[in-house]
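A.B. asks: sequence plus predicted model, see below.
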Amino acid sequence: MIGLSTVAEVRAAEDVLLARTREGALMQRAATGLATVCLRLLGRAPGARVTVLAGGGNNGGDALFAGARLAARGARVTAVLLAPDRAHPAGLAALRRAGGRVTGPDGPDGLDRADLVLDGIVGIGGRGGLRPDAARLADRAATGPGTTVAVDVPSGVDADTGAVEGAAFAAVHTVTFGAVKPGLVVGEGRGYAGTVHLVDIGLGPHLAPARAHQLTDDDVAAHLQPPGDVDDKYSRGVVGIVAGSATYPGAGVLCTGAALRTRPGLVRYAGTAAEGVRAAWPEAIVTAGRPGDAGRVQAWVVGPGTGTDDDARSVLAEVLATDLPVVVDADALTMAAREPDLVRRRAAPTVLTPHDREFERFGVAVGADRVGSARRLAADLGAVVLLKGSATVVADPGGTAFVNGTGTPEMATAGTGDVLSGILGALLATGTPAAETAAAAAHLHGRAGQVAAETGPLVAGDMVRRLSETVGRVRGTGLRDSGV
Ligand SMILES: NC(=O)C1=CN([C@@H]2O[C@H](COP(=O)(O)OP(=O)(O)OC[C@H]3O[C@@H](n4cnc5c(N)ncnc54)[C@H](OP(=O)(O)O)[C@@H]3O)[C@@H](O)[C@H]2O)[C@@H](O)CC1
Ligand SMILES: [K+]
């Protein structure tokens, strides 16, 4: 599990470490790690053109020291000082000693010929959108030829939330120090950070336990263990699915198929899409009756494509009245938003899976702080909230959160949400803790999308078809962890 640490947590750990190390030692560790990544990206330093954008704080100091190291290896380095009178004195002296050139914000910055651009404009000390000089340079870097590398955080991105107010530096790589900050992997910030490289500067032992995490393939593999010798089809948890309708059976077919392919123990289906589901999945136990007619299950999924009429409402109420974990998705979210007490009064785990518009039905817009918003709704309803997005966020009522790192934009197509709820129900039926299980489901879902998109555009059914293979590949960690 990768811990995501807030600026306050990083600052607190830094304070302890700074008091125990010689002055400037941490910045040297940061700059060494940064220069190492840059050298790897450049391939060879001699003759390479590097532009360093340096603000007036320690972030600029990191960038200047790294620029000095690259210049010492033969790179042609130009440092552009955004606040010339406040540039980090030791960093600037090191750069000059190594033969680097120095200019102001309006000087010859070399951005139109650079091989690599280092963004040391502002790091975790940044406030608000970039100022005009910084915004102009960030824009030129984005359209220029150089590989863009952000130092610690892409300037203009809120390190805690990923919010971007106005302009920000669009990085292809971000080299971050001590801990991954949430803003690099969630919200708009994710798109500006690119590939995240974590440099260890010794903060680890001093960091408070993270309250937000990103799962890796190894973490998710633990949720996907193959059955043991003593398991039978009932012993690993049975999931019940209420999805789709007689007129639109598709959601029921996709959701049931995803559950079967995730954990082919036993999947029961109850609802009006029974005929279509039975035809598509003879492996499922299907009834056209109510949830109570389906037989024993250990978790329910309710809502995809069920509609919101009185019958659907009464089925939702029946499922929520059980003492079993329930995934509330799609149409069931619309109904639950009208009657949130149906969720609040539950003792067993409930997982709500809204996208932004469904989230808003609960009374507040998601806004730029996606983790904060998911945490607040989770606390309000006493439920796990899985907020879908390009980086899906999961939050539990106690404030523990997960940010998903898998997936592909190709997944923005009809029916992929039904696949997620089927995966989630199948995993929840095993009885593992709801929030981490929801995060594992989002991770596997994203991997299934990546696998299905390997050969071209995908439809949701492709994800179901490739799901068994995806489970196998995640178990074997045959896929690379994305992002960090
Ligand atoms: N502590 C340590 O030992 C270590 C710290 N480390 C590094 O230090 C970084 C934190 O450094 P920091 O605290 O000096 O703040 P920093 O991010 O440079 O920002 C302040 C500067 O930005 C400016 N500025 C602000 N907002 C702006 C905007 N919107 N648009 C434009 N400019 C803006 C602000 O200007 P001012 O408001 O003062 O006019 C000031 O000049 C951290 O991210 C990591 O890289 C590592 O070396 C590890 C060891
Ligand atoms: K930066």
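C.D. replies: Yep, it's here. Numbers count the residues shown, from 1 in each chain. Ligands and ions are numbered 1, 2, ... in the order given.

A.B. asks: near Gly276, how many residues? Count them for me, please.
C.D. replies: Using other Cβ atoms under 10 Å, Gly276 has 22 neighbouring residues. C-betas here are computed from N, CA, C, even on glycine.

A.B. asks: read off the pLDDT value for it.
C.D. replies: Predicted confidence (pLDDT) for Gly276: 97.

A.B. asks: is Val151 in contact with Gly125, as I believe?
C.D. replies: No - judged on Cβ atoms under 8 Å, Val151 makes no contact with Gly125 at a distance of 12.0 Å.

A.B. asks: please list the residues of the stretch 151-300 of the chain that sit near ligand 1.
C.D. replies: Within the stretch 151-300 of the chain, the positions lying close to ligand 1 (Cβ under 6 Å from any ligand atom) are Val151, Asp152, Phe177, Ile201.

A.B. asks: the second one: how many residues sit nearby?
C.D. replies: This means Asp152. Residues contacting Asp152 under the criterion other Cβ under 10 Å number 28.

A.B. asks: and the residue lying closest to it once chain neighbours are set aside, which of the three is it?
C.D. replies: Excluding its sequence neighbours, the residue lying closest to Asp152 (Cβ to Cβ, 6 or more residues apart in numbering) is Gly123, at 4.0 Å. Look at Gly123: counting by DSSP: H, G, I helix; E, B strand; the rest coil, its state is coil.

A.B. asks: one more: Phe362?
C.D. replies: With three-state DSSP as the basis, Phe362 sits in coil.

A.B. asks: what is the neighbour count of it?
C.D. replies: Using other Cβ under 10 Å, Phe362 is surrounded by 19 other residues.

A.B. asks: with adjacent residues omitted, what lies nearest to it?
C.D. replies: Distances taken as Cβ to Cβ, 6+ apart place Ala337 nearest to Phe362, at 4.9 Å, with adjacent residues excluded.

A.B. asks: Asp293 too?
C.D. replies: Closest to Asp293 by Cβ to Cβ, 6+ apart is Thr287, at 5.0 Å.

A.B. asks: show me where the stretch 351-484 of the chain has strands.
C.D. replies: Assigned by DSSP state E, counting those that start in this stretch, the stretch 351-484 of the chain shows strands spanning 384-387, 393-395, 401-403.

A.B. asks: so where's the stretch 51-200 of the chain uncertain?
C.D. replies: The model of the stretch 51-200 of the chain has no residue with pLDDT under 70.

A.B. asks: tell me the residues of it that contact ligand 2?
C.D. replies: Neighbours of ligand 2 within the stretch 51-200 of the chain, by Cβ under 5 Å from the ion: Asp119, Gly123, Ala150, Val151, Ser155.

A.B. asks: dump those residues into a markdown table; add secondary structure, distance to Val196 and neighbour count as well.
C.D. replies: Output for these, formatted as a markdown table (DSSP: H, G, I helix; E, B strand; the rest coil; distance: Cβ to Cβ, whole Å; neighbours: other Cβ atoms under 10 Å):
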| residue | secondary structure | distance to Val196 | neighbour count |
| --- | --- | --- | --- |
| Asp119 | strand | 14 | 34 |
| Gly123 | coil | 14 | 27 |
| Ala150 | strand | 9 | 33 |
| Val151 | strand | 12 | 32 |
| Ser155 | coil | 15 | 29 |
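
A.B. asks: distance to Pro349 added to those, as JSON lines?
C.D. replies: Formatted as JSON lines, these follow (distance: Cβ to Cβ, whole Å):
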{"residue": "Asp119", "distance to Pro349": "42"}
{"residue": "Gly123", "distance to Pro349": "39"}
{"residue": "Ala150", "distance to Pro349": "38"}
{"residue": "Val151", "distance to Pro349": "41"}
{"residue": "Ser155", "distance to Pro349": "40"}
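
A.B. asks: most proximal residue of the stretch 151-300 of the chain with respect to ligand 1?
C.D. replies: Asp152 (3.6 Å; Cβ to the nearest ligand atom).

A.B. asks: quick one: contacts for Ile201?
C.D. replies: Applying Cβ atoms under 8 Å, 6 or more residues apart in numbering, we find Ile201 in contact with Leu17, Leu26, Arg29, Ala30, Gly33, Phe177, Gly178.

A.B. asks: now the last one. Nearest residue, chain neighbours left out?
C.D. replies: Computed as Cβ to Cβ, 6+ apart, the closest residue to Gly178 that is not its neighbour in sequence is Leu203, at 3.5 Å.

A.B. asks: show me what contacts the residue nearest to Gly422 when sequence neighbours are not counted?
C.D. replies: Leaving aside its sequence neighbours, Gly422 sits nearest to Ala258 (Cβ to Cβ, 6+ apart; 3.0 Å). Ala258 sits next to Asp418, Val419, Leu420, Ser421, Gly422, Ile423, Ala426, Met463, Val464, Leu467 when contact means Cβ under 8 Å, 6+ apart.

A.B. asks: now the last one: how far from Ala439?
C.D. replies: Put plainly, it is Leu467. 18 Å (Cβ to Cβ, to the nearest Å).

A.B. asks: in terms of neighbours, single out the busier of these two.
C.D. replies: Neighbours were counted for Leu467 and for Ala439 using other Cβ under 10 Å; Ala439 has more, 30 against 26.

A.B. asks: and the residue of the stretch 251-400 of the chain closest to ligand 1?
C.D. replies: Residue nearest to ligand 1 within the stretch 251-400 of the chain (Cβ to the nearest ligand atom): Ala368, separated by 15.4 Å.
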